[in-house]
Structure formats: C-alpha cells, structure tokens
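K.L.:
take a look and give me a structure for this.
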Amino acid sequence: MKKTETFIKGLFIIENTSFLDKRGEFMELWNQHEFELEKLQTNPTQDNISISKKNVIRGLHFQNKPHEQIKYVRVIQGSILDVAVDIRKTSDTFGQHLAIELSKSNNYGLWIPAGFAHGFLSLEENTIVVYKCYGKYQPKHEHTICWDDKTININWNVKNPIISKKDEQGISLDIYKKSKSING
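P.N.:
Numbers count the residues shown, from 1 in each chain. All right, here's what the predicted structure looks like:
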C-alpha cells in the first residue's frame, strides 16, 4: 500500500497491491495494520457496497458535525469517477474538489476525511464500489450538495446521468456555506 496526499489536506490516494498468477488474482480489501502504520483511523463502523449502472451519479453526500463520516472508497469491478469536495468552511481549499478515476484495473482507493462531500459517476455497467465508513450513518444529519453545482464545477463528462430524486434536490455550495444549521 502506498499513500499519496493530494493538494487538499487530509485527502489521500491509496495505491493497493494485487497479485496475479495462473489461478487468477488476490488483493487485500482492508489491512488495519497498514492503515495504522500510515496513521489513518482504523476503526470502521460500517462497510457498504454499491452496484451501479453506467452513467449513474451518486452524491454529493455528507453528514453534519459532529456526525461526519470518514470514508475509504475502492472499486472491485468496473470504474468510477470519484469526487471529493472540501466543505470545511475554514479550510484554505474550501469548495475545491478532487476527481479521480478509481477502477478494478488501477486498484486505487481514496481516503476521504471528515468535512468532505462525496460522490461518484459509474463509468461502466455493474460497477461495484466498496467503502468503509467511520462514524454512524444518521439520515437526519445527511445532506446533499447538488452534483452539478456551478461553483464547484465538476467535469462529469456525461450527458443525461441517472440521478436519484434525493440527489436531484441537493443544495448549492453557496447555500451550504451561508447556512448555520448545516455546519461544516
């Protein structure tokens, strides 16, 4: 495992190792010891699997303080454009985002700290995303920033994405920034 910090403090790309031979392939999905060595939080509270059709956008989701979640995202089949947006109101990189392709073939993961909105676009049919969450999922503290927010300006590079009703009703980054009830 190799950890590379991005231009946004606390957001890491994780390069994972897989082993191929005549039988097939072996890879670790999670190794607590490796993450402890890298000084990343190692007590996940929930594992999630998402299976998506091509051109599905999920997100940009987050939870209010003090109910924020940390996420470690990987793809075990297919590929996604994974997006993390810094929504820490006091951060020098507030409103900036990282968009990176995570795929079965590149074997990258993304470590997303608390204080980020997260979403992804499925680039292939039946893409399987697995992610570990740190912090309890609490629907009453969950919010969505609009996936096509003009201020964030994410280049999804897709026409007519498939989006849930909840995600269609996301708020703008500007409304989030001004809101006192949705803290960051």
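K.L.:
strands of the protein, start to end?
P.N.:
In the chain, the segments counted as strands under DSSP state E are 2-5, 12-15, 18-21, 24-27, 46-52, 57-63, 70-77, 79-86, 97-103, 108-112, 116-122, 127-134, 142-144.
K.L.:
of those strands, which is nearest I175?
P.N.:
Closest approach to I175 among the strands of the chain is made by strand 142-144 (10.1 Å; C-beta to C-beta). (Glycine included, C-beta is placed from N, CA and C.)
K.L.:
buried set for the closest one?
P.N.:
Buried positions in strand 142-144, judged by neighbour count with 16 or more other C-beta atoms under 10 Å: H143, T144.
K.L.:
again, but for stretch 60-74
P.N.:
In terms of neighbour count (16+ other C-beta under 10 Å), stretch 60-74 has its buried residues at L60, H61, F62, Q63, N64, E68, Q69, I70, K71, Y72, V73, R74.
K.L.:
how about the nearest residue to D86, chain neighbours excluded?
P.N.:
T93 (4.7 Å; C-beta to C-beta, 6 or more residues apart in numbering).
K.L.:
hmm, which helix or strand of the chain has the shakiest average pLDDT?
P.N.:
Among the helical and strand segments of the chain, the one scoring lowest on mean pLDDT, DSSP states H and E is helix 32-37, with a mean of 62.
K.L.:
TSV for the buried residues of stretch 60-74, including pLDDT and distance to K132?
P.N.:
Putting the buried residues of stretch 60-74 into TSV (pLDDT from 0 to 100; distance: C-beta to C-beta, whole Å) gives the following:
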residue	pLDDT	distance to K132
L60	97	19
H61	96	15
F62	95	16
Q63	92	15
N64	85	20
E68	89	15
Q69	90	10
I70	90	8
K71	93	7
Y72	92	4
V73	96	8
R74	95	9
